[in-house]
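Enquirer: got a predicted structure here, sequence first:
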Amino acid sequence: MTSADALFSRVVRRDLEAEAELPTAVRADLPGNSLRLIGANALQSSGDQSVNASTVLPWLFHALGVPAVLTGLLVPIRESGSMLPQAFLTPLVVRVRRRTHVFVAGAIIQAASVAVMAGTAALASGLVAGIIIVAALAVFSLGRCLCSISSKDVQGRTMPKGERGQVNGLATTASGLVAITLGLAVRALGEDLDVTILAGILGLGAVLWVLVALVYSGIREPVDEGALPSRRSRGDLLREREDEGPGWLAQTLTLLREDRVFRSFVTVRGFLLVSSLSPPFIVTLAVQSGAPALTGLGGFIIASGLAALLGGRVFGRLADRSSKHLMTVGAALASVVLVTLVLIVTLLDLDGGSLLTYAIFVSSYFLVTMLHTAVRVGRKTYVIDMAEGDRRTTYVAVSNSAMGVILLVVGAISSVIAGFGIVWALLFLAALGVLGVVSSTRLPEVSRGA
């Protein structure tokens with residue numbers, strides 16, 4: 001047994017039957033490829049913490065004196081910008097023989113974008129700095145889009161069912177460790193962080209993305225040469241494109257209309273936004289309830305990190321058993337937590353400065369964040385297991401593009417409802433979670449352990 005084989009066996013619970021079904025060459029490269037996937041995903045998750053659009057970038061904008069209107073664009077650009085272009089880019093990605101090349105290109109784009117943010121933070125301020133950073137974030141999202149499309153396919157080509165969820169879970173655990181470290185550092189430094197420190201955090205993120213590209217480039221990705229097109233002239237490519245039929249938008253709508261299972265997955269995934277959109281409202285409700293100890297962003301980062309640290313590895317293994325069940329239970333419990341929190345806040349006269357109030361809001365935030373980890377790991381594993389080859393790439397891209405639109409719509413609706421009261425927004429999201437649980441009954445089991 002090689003050292004890579006031994007290490008892989010220590011960090012991943014292996015499914016020897018599933019591994020035996022892999023081609024010989026893929027099976028021989030499995031330990032090394034899997035460790036590289038784990039390492040790259042862990043570095044990627046760590047990089048995400050350094051350029052978090054919900055924490056680090058808002059702090060930076062405050063320190064640079066950027067107008068608040070630009071701060072409100074950070075999360076929509078970061079999330080939707082990485083999803084909306086995927087259906088459009090998929091036909092281009094499918095033409096690339098090795099999807100690892102696409103991922104590496106996306107990682108380099110993200111490294112360059114974060115480097116621009118760091119340089120801007122160090123040299124500029126005010127509106128100009130805000131515009132440059134928002135533009136760089138949009139380019140960053142495009143790079144993340146390429147990584148999202150290609151990573152699922154690379155993982156599907158190099159790893160068997162029964163082990164894929166664990167890789168996602170280990171990466172989530174790594175991001176939890178980074179979040180805890182960053183949160184403790186922020187609390188130690190205080191709320192008035194110097195711009196130089198924030199620029200340094202971004203600079204570290206750029207380095208992490210370069211390391212992601214280096215590690216991922218070492219993956220030995222199997223390619224079926226017989227199924228791949230040979231080199232063609234520009235004229236041949238243009239004629240083929242003319243003969244391809246409907247464009248990407250028409251193909252996307254056709255897939256959603258005709259593929260019932262895939263349409264059900266997208267619908268369920270839309271309802272699962274209960275766990276991703278509710279944490280900011282919990283923070284707002286905490287502040288409104290007069291819990292001043294909760295206003296420090298470092299505390300929320302620590303809570304989020306603990307949730308990822310505790311849930312990542314466990315949920316990864318549960319996803320390999322039944323990713324559908326994990327998504328369903330995660331959404332159901334998240335809805336229960338939100339309804340319980342609303343009842344407590346509504347029925348009890350909470351003392352904003354009391355330890356009990358502090359414990360209620362921190363516990364709720366922690367639980368919802370941890371359940372979001374379960375939902376996210378579950379749905380990532382589900383979409384990888386539900387198809388093979390280019391079909392998987394198409395599923396990932398179309399579902400993410402659809403989610404970009406759904407995210408904007410649901411986010412806008414929940415924000416409008418929050419204008420009438422934060423508790424109503426939380427109840428709206430809880431209702432979405434219940435609909436997700438009901439809708440998930442139409443999804444077939446695709447996990448090997450199911």
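Expert: Right, received. Where do you want to start?
Enquirer: what is the helix or strand where residue 203 lies packed up against?
Expert: Secondary-structure element containing residue 203, defined by DSSP states H and E: helix 195-216. With contacts defined as 3 or more Cβ pairs under 8 Å, 6 or more residues apart in numbering; DSSP states H and E, helix 195-216 has these neighbours: helix 24-50, helix 56-64, helix 99-123. C-beta: built from backbone N, CA, C; applies to glycine.
Enquirer: Throw those into CSV and include distance to residue 183, thanks.
Expert: Formatted as CSV, the helices and strands packed on helix 195-216 follow (distance: least, Cβ to Cβ, whole Å):
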stretch, distance to residue 183
helix 24-50, 9
helix 56-64, 11
helix 99-123, 20
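Enquirer: among those, which comes closest to residue 344?
Expert: Relative to residue 344, the nearest member of the helices and strands packed on helix 195-216 by Cβ to Cβ is helix 56-64, separated by 27.9 Å.
Enquirer: give me the contact list for that closest one.
Expert: Helix 56-64 is touched from outside by 49-51, 70-71, 74, 117, 121, 124-126, 129-130, 133, 137, 193-195, 198-199, 201-202, 297, with contacts defined as Cβ atoms under 8 Å, 6 or more residues apart in numbering.
Enquirer: alpha carbons of that helix, as PDB, please.
Expert: C-alpha atoms of helix 56-64 as PDB (Å, rounded to 0.1, in the frame of the first residue of the first chain):
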ATOM      1  CA  VAL A  56     -15.000  40.400   4.900                       C
ATOM      2  CA  LEU A  57     -16.100  42.600   1.900                       C
ATOM      3  CA  PRO A  58     -18.700  44.600   3.900                       C
ATOM      4  CA  TRP A  59     -16.100  45.300   6.600                       C
ATOM      5  CA  LEU A  60     -13.700  46.400   3.900                       C
ATOM      6  CA  PHE A  61     -16.300  48.700   2.300                       C
ATOM      7  CA  HIS A  62     -17.100  50.300   5.700                       C
ATOM      8  CA  ALA A  63     -13.400  50.900   6.300                       C
ATOM      9  CA  LEU A  64     -12.900  52.400   2.800                       C
END
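Enquirer: off-centre distance for that helix?
Expert: With Cα atoms, centre = their mean, to the nearest Å as the basis, helix 56-64 stands 22 Å off its chain's centre.
Enquirer: swap in stretch 104-121?
Expert: For stretch 104-121, the distance to the chain centre is 18 Å (Cα atoms, centre = their mean).
Enquirer: so which of the helices and strands packed on helix 195-216 is nearest residue 434?
Expert: Ranked by Cβ to Cβ, the member of the helices and strands packed on helix 195-216 that lies closest to residue 434 is helix 24-50, at 29.5 Å.
Enquirer: list the buried residues for that closest one?
Expert: 26, 29-50 (16 or more other Cβ atoms under 10 Å).
Enquirer: next one: stretch 52-62
Expert: Using 16+ other Cβ under 10 Å as the test for burial, stretch 52-62 gives 52-61.
Enquirer: which SSE is the most centrally placed residue in the chain in?
Expert: Residue closest to the average C-alpha location in the chain (Cα atoms, centre = their mean): residue 376, at 7.1 Å. Using DSSP H and E, the element containing residue 376 is helix 355-385.
Enquirer: tell me the mean pLDDT over that helix?
Expert: Confidence for helix 355-385, expressed as mean pLDDT, is 83.
Enquirer: immediately after it, which helix or strand?
Expert: Following helix 355-385 in sequence order, the next helix or strand is helix 389-418 (DSSP H and E).
Enquirer: and that following helix, what other elements does it pack with?
Expert: helix 74-81, helix 86-94, helix 126-158, helix 248-258, helix 260-271, helix 274-288, helix 355-385, helix 422-439.
Enquirer: related to what we said a few turns ago, from the contacts of helix 56-64, list the buried ones, please.
Expert: 49-51, 70-71, 74, 117, 121, 124, 129-130, 133, 137, 193, 195, 198-199, 201-202, 297.
Enquirer: in stretch 92-111, what counts as buried?
Expert: Neighbour counts over stretch 92-111 (16+ other Cβ under 10 Å) mark 93-94, 98-111 as buried.
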